[in-house]
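[1] A predicted structure for the sequence below; I have some questions about it.
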Amino acid sequence: MSEPGRLAGLLGAPMTDRVLAWRRGDAVTVAHFYARVAAWQVVLAAAPGARVALHFDDACEFAAALFATWHCGKQAWLPGDTLPATLDRLSASVDAFAGDLPGGLQAPDTGPSVVPDTA
């Protein structure tokens, strides 16, 4: 799904230039968030199984991957840490790792992640 329509309903009016979040002092727009969700949807839809462990240092990227996981009809598993013992136990319960986990799936770059703050 290239345009996450159900996501648009959750975010309100489709003002794609609206600031959704801030990353290191720069504004992240709704349009960029939609692009990140769509990129993750492609990756996660192609991943085998229905259970995906997600872990990200970047909260915006985590949110995009989480929405994409749900849009793909998959379950998100959220480890509390990335310690080897945790990941070993988790690997028996999930079908894939994504994000900042060893061997985690990665979504392709969708271009500039932010627009400069001009205020």
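    Looks like it arrived, so ask away.
[2] For the chain, give the helix that spans the most residues.
    Ranked by residue count, the top helix of the chain under DSSP state H comes out as helix 30-46.
[3] Point out the other helices and strands that that one packs with.
    helix 5-11, strand 19-23, helix 59-71, strand 96-99 (3 or more Cβ pairs under 8 Å, 6 or more residues apart in numbering; DSSP states H and E). Where you see a C-beta, it was placed from the backbone N, CA and C, and this is true even at glycine.
[4] quick one, which of the ones you listed is packed in tightest?
    With neighbours defined as mean count of other Cβ atoms under 10 Å, the helices and strands packed on helix 30-46 peak in mean count at strand 96-99, which reaches a mean of 23.
[5] Just say helix, strand or coil for the closest residue to Ala21 other than its chain neighbours.
    Residue nearest to Ala21 in three dimensions, not counting chain neighbours: Val28, with 4.5 Å by Cβ to Cβ, 6 or more residues apart in numbering. Classification of Val28 by DSSP: H, G, I helix; E, B strand; the rest coil places it in strand.
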